[in-house]
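Visitor: this one's structure only:
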């Protein structure tokens with residue numbers, strides 16, 4: 001039994017066992033992207049389970065009750081499709097892209113993985129994950145983002161790396177894997193999303209046949225939100241560059257300020273015309289990569305700045321970053337600069353909507369975190385509503401010395417970091 005509602009060209013169906021299904025038909029395409037989403041990621045783990053959600057994602061592909069790993073991949077790749085998965089801090093997704101005529105096979109495989117995996121080859125896959133962790137730790141421009149998050153939200157699952165650490169992953173057991181699966185992979189916590197050219201009635205019937213029989217179970221209650229920590233942490237490493245991230249508290253996922261934060265991030269470091277890129281790379285030639293980033297989670301958010309520079313350029317680069325933070329805090333942005341960045345954000349959103357994977361993901365995330373599919377027009381209206389006054393008020397609240405976290409990986413050439421010039 002399903003109940004259908006319609007929003008932004010998509011239909012949403014709620015099964016009696018708690019499963020939510022989102023469908024969007026795009027008849028002018030040749031393909032379909034489908035995903036099974038679980039509202040569960042690394043932030044759902046206990047300390048001794050760090051990395052378990054991501055480890056479980058790997059194990060889904062190691063065989064089911066009816067298929068070997070090779071048979072799973074042959075069923076997809078032998079029909080020209082693509083099968084993959086990913087884990088974030090707050091959700092996990094198994095997804096497939098198929099030609100329209102083969103989408104029934106794709107949905108069948110997704111359901112088989114989500115329901116019938118045997119979690120085989122635990123030790124082999126543990127080694128694969130450990131190599132993945134080592135790869136991240138050997139890639140400083142990626143590793144620094146884990147370090148700033150861990151420092152920014154200490155002693156909280158949101159602050160831990162999604163992949164976990166070498167020690168925790170080395171000690172995970174099959175019993176922990178199964179218990180985690182039983183706790184979180186329940187219909188009330190699952191969302192199936194499909195976008196592309198397909199027969200809606202047939203796909204809905206197939207999803208009902210595959211998932212409606214799953215029993216309902218209570219979902220664990222999320223823990224308390226993290227506390228923010230400011231300050232400085234320097235991890236000396238004998239590498240060619242100093243990689244650093246600044247972090248500041250940002251809005252949580254559902255707060256209106258997220259649109260203001262989007263614009264602040266874009267103005268400061270969102271592209272080749274941003275202030276940090278123009279000043280640090282174009283004008284002074286101090287860095288190849290310099291940009292802003294932001295993360296919006298249910299319980300908390302963060303906005304930050306990244307740069308990788310030669311040790312002798314570290315001090316000058318830090319000073320210029322803080323100068324730009326002070327400038328956006330102390331002086332209103334011009335209407336022209338705001339409009340340019342507004343158009344960049346809207347353009348990125350609308351062009352991304354030409355991709356079925358984006359549309360599939362957007363439906364699932366909207367239902368997962370907002371309980372409705374937010375129309376694109378509403379998002380655009382919220383972006384258009386941001387004013388220079390709101391930008392400056394946000395910057396004054398966010399960019400303060402006590403709220404600033406700085407993590408450096410690599411040599412700093414002796415630059416003093418006791419008093420940050422903010």
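Guide: On my side now, so go ahead. Predicted model, so just to flag it, every value in this text is computed and none were measured.

Visitor: tell me where the stretch 251-400 of the chain has helices.
Guide: For the stretch 251-400 of the chain, the helices defined by DSSP state H, counting those that start in this stretch occupy 257-269, 275-276, 314-330, 335-352, 356-369, 376-384, 388-398.

Visitor: check which helix or strand the residue lying closest to residue 77 once chain neighbours are set aside maps to.
Guide: For residue 77, ignoring the flanking residues on the chain, the nearest one in space by Cβ to Cβ, 6 or more residues apart in numbering is residue 83 at 7.6 Å. Using the backbone N, CA and C atoms, a C-beta is placed for each residue, glycine as well. Using DSSP states H and E, residue 83 falls within strand 82-87.

Visitor: ok, the next helix or strand after that strand: who's next to it in the sheet?
Guide: Later in the chain than strand 82-87, the nearest helix or strand by DSSP H and E is strand 92-99. Applying DSSP bridges to the sheet, strand 92-99 is found paired with strand 31-38 (antiparallel), strand 82-87 (antiparallel).

Visitor: any idea which helix or strand comes after the first one?
Guide: For strand 31-38, the following helix or strand on the C-terminal side (DSSP H and E) is helix 52-59.

Visitor: what is that next one packed up against?
Guide: strand 82-87, strand 92-99, helix 122-137, helix 174-184 (3 or more Cβ pairs under 8 Å, 6 or more residues apart in numbering; DSSP states H and E).

Visitor: what's in contact with the second one?
Guide: With Cβ atoms under 8 Å, 6 or more residues apart in numbering as the test, strand 92-99 has contacts from 30-38, 40-41, 53, 56-57, 60, 76, 79-86, 105-107, 109-110, 113-114, 356-357, 360-361, 364.

Visitor: what's the spacing between the nearest residue to residue 332 once chain neighbours are set aside and residue 30?
Guide: In this structure, residue 332 finds its nearest non-sequential neighbour in residue 388, 4.4 Å apart by Cβ to Cβ, 6+ apart. Going from residue 388 to residue 30 by Cβ to Cβ, to the nearest Å gives 45 Å.

Visitor: quick one, which of the two is more surrounded?
Guide: Between residue 388 and residue 30, counted using other Cβ atoms under 10 Å, residue 388 has the larger neighbour count: 15 against 9.

Visitor: tell me how far that one lies from residue 327.
Guide: 13 Å.

Visitor: can you check residue 142 too?
Guide: Residue 142 is 29 Å from residue 327, by Cβ to Cβ.

Visitor: what number of residues lie near the closest residue in space to residue 128 that isn't next to it in sequence?
Guide: Closest residue to residue 128 apart from its sequence neighbours, by Cβ to Cβ, 6+ apart: residue 58 at 6.6 Å. Residue 58: 19 surrounding residues under other Cβ under 10 Å.

Visitor: again with residue 394
Guide: Residue 394 has 22 nearby residues by other Cβ under 10 Å.

Visitor: go ahead and confirm it touches residue 262.
Guide: No. In this structure, residue 394 is not within contact of residue 262 by Cβ atoms under 8 Å, at 10.4 Å.

Visitor: one step back: wait, which of the helices of the stretch 251-400 of the chain is closest to residue 124?
Guide: helix 356-369 (29.0 Å; Cβ to Cβ).

Visitor: helices or strands up against the closest one?
Guide: Using 3+ Cβ pairs under 8 Å, 6+ apart, helix 356-369 is in contact with strand 10-15, strand 20-25, strand 31-38, strand 92-99, strand 190-196.

Visitor: for that helix, what is the distance to the chain centroid?
Guide: Taking Cα atoms, centre = their mean, to the nearest Å, one finds the center of helix 356-369 at 12 Å from the center of the full chain.

Visitor: quick one, it and helix 376-384 angle?
Guide: 80 degrees (axes from the mean of the first three to the mean of the last three Cα atoms, to 10 degrees).

Visitor: that'll do, ta.
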